[in-house]
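> I would like to see how this sequence folds:
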Amino acid sequence: MIVSLLLISLALLASHLWARYLARGEMSAQKRRLHLVWARNIIWCVVLLVIAAVWASTIAGFALSLAAVAGAMLIVSKELVMCVHGYLYVTVVSPYKVGDAIEFGELRGRVIDIDMFATSLAELDELGQQTGKVAEFPNGLLLTTPVKNVTPTGAFVLHHIRIPVPEARVGHLAPIEAAALQAADRCTAAWRDEAMAHFRKVSEENFIALPSGRTKVAWDFSEPGHLVLVVRVACPGTERHAVEQAVFKDTWRALSPPPASTVTPSQAE
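You can find the predicted model right below:
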């Protein structure tokens, strides 16, 4: 018992000291959070293994009875065991990590913490903006529910902007497409070359044929009576909302007719 208490105290002390060490370091908040989560999980896994080894010799004589108790506990705590298995799945397969934006069921957010039992998300709305809320889901659901990683390519992501086309404009699709393409190129000019190099690097490292990152436009006519222009752009994951708003505004600003100038009677004469 004394050894177990000492180990737990050492684990708490080590986690606290590591957090203070990271606070003094010169790194981004996201990297600091990532290092803190991984170090804390490693410390507690090691401590739990050592405590199990310490108690193993003590409970060796009760192996038979413990087996029966363990069977009953397994049935009662099925969800708890699934959470541990889900954590092992996240650790081994790594479908997401701290800092990634994911969609899980009806939840959408950026991962801020992963522990042995649950994953915490900073909730995002449909436009990719933080709502100020924190959502959590048990890791056991990862074994039965598919998860979608919105930022699997790292710093740059492919974002699809959907621009509905009014019925009055259906006869003038070419100008709309050209205006959207120019607006997207103008908004992404600052990082276009860097994004294309990033996608080439990710493709080579992961042996996946990813898109080049060039701006692309396409038409979605799946719903009769509702024509939608889809503009694909490569942008930093944190700039998706700003780019989407800029492309939409610049597109319709280019298509809007100039305001008619007012001519006074004196000017007409």
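> does residue 7 really touch residue 44, like I thought?
No - with contact defined as CB atoms under 8 Å, residue 7 does not reach residue 44; the gap is 10.2 Å. Any C-beta I mention is one placed from the backbone N, CA and C, and that applies to glycine too.
> so how far is whichever helix in the chain runs longest from its chain's centroid?
In the chain, taking DSSP state H as the definition, the longest helix is helix 29-56. Relative to the chain's own centre, helix 29-56 is displaced by 24 Å; criterion: CA atoms, centre = their mean, to the nearest Å.
> who does it touch, helix- and strand-wise?
helix 2-24, strand 107-114 (3 or more CB pairs under 8 Å, 6 or more residues apart in numbering; DSSP states H and E).
> the inter-axis angle of that helix versus helix 2-24?
For helix 29-56 against helix 2-24, the angle by axes from the mean of the first three to the mean of the last three CA atoms, to 10 degrees is 170 degrees.
> buried sites along helix 29-56?
By 16 or more other CB atoms under 10 Å, the buried positions in helix 29-56 come out as 33, 34, 35, 36, 37, 39, 40, 41, 43, 44, 47, 51.
> Now for the last one: which residues touch it?
Residues touching residue 51, when contacts are defined by CB atoms under 8 Å, 6 or more residues apart in numbering, comprise 3, 4, 7, 8.
> now with 7 Å?
4, 7 (CB atoms under 7 Å, 6 or more residues apart in numbering).
> Report pLDDT for it.
Residue 51 is assigned a predicted lDDT (pLDDT) of 83.
> That one and residue 5, how far apart?
10 Å (CB to CB, to the nearest Å).
> and if you look at residue 68?
28 Å.
> show me where pLDDT drops low in the protein?
25, 59-64, 66, 76, 127, 257-269 (pLDDT under 70).
> show me where it has strands.
For the chain, the strands defined by DSSP state E cover 101-104, 107-114, 118-124, 130-138, 147-149, 156-165, 216-223, 226-236.
> Can you check which of these gets nearest to residue 177?
strand 216-223 (5.4 Å; CB to CB).
> what sits up against that closest one?
177, 180, 181, 227, 228, 229, 230, 231, 232.
> The closest residue to the last one other than its chain neighbours - how many residues pack around it?
What that stands for is residue 232. The spatial neighbour of residue 232 that comes closest, neighbours along the chain excluded (CB to CB, 6 or more residues apart in numbering), is residue 216 at 4.5 Å. Neighbourhood size, residue 216 [other CB atoms under 10 Å]: 16.
> mind checking how far residue 216 is from residue 68?
Note on residue 216: its distance to residue 68, by CB to CB, is 62 Å.
> next one: residue 235
Counting by CB to CB - residue 235 and residue 68 are separated by 58 Å.
> Which of these two has more residues huddled nearby?
residue 235 (26 against 9).
> Nothing else from me, thank you.
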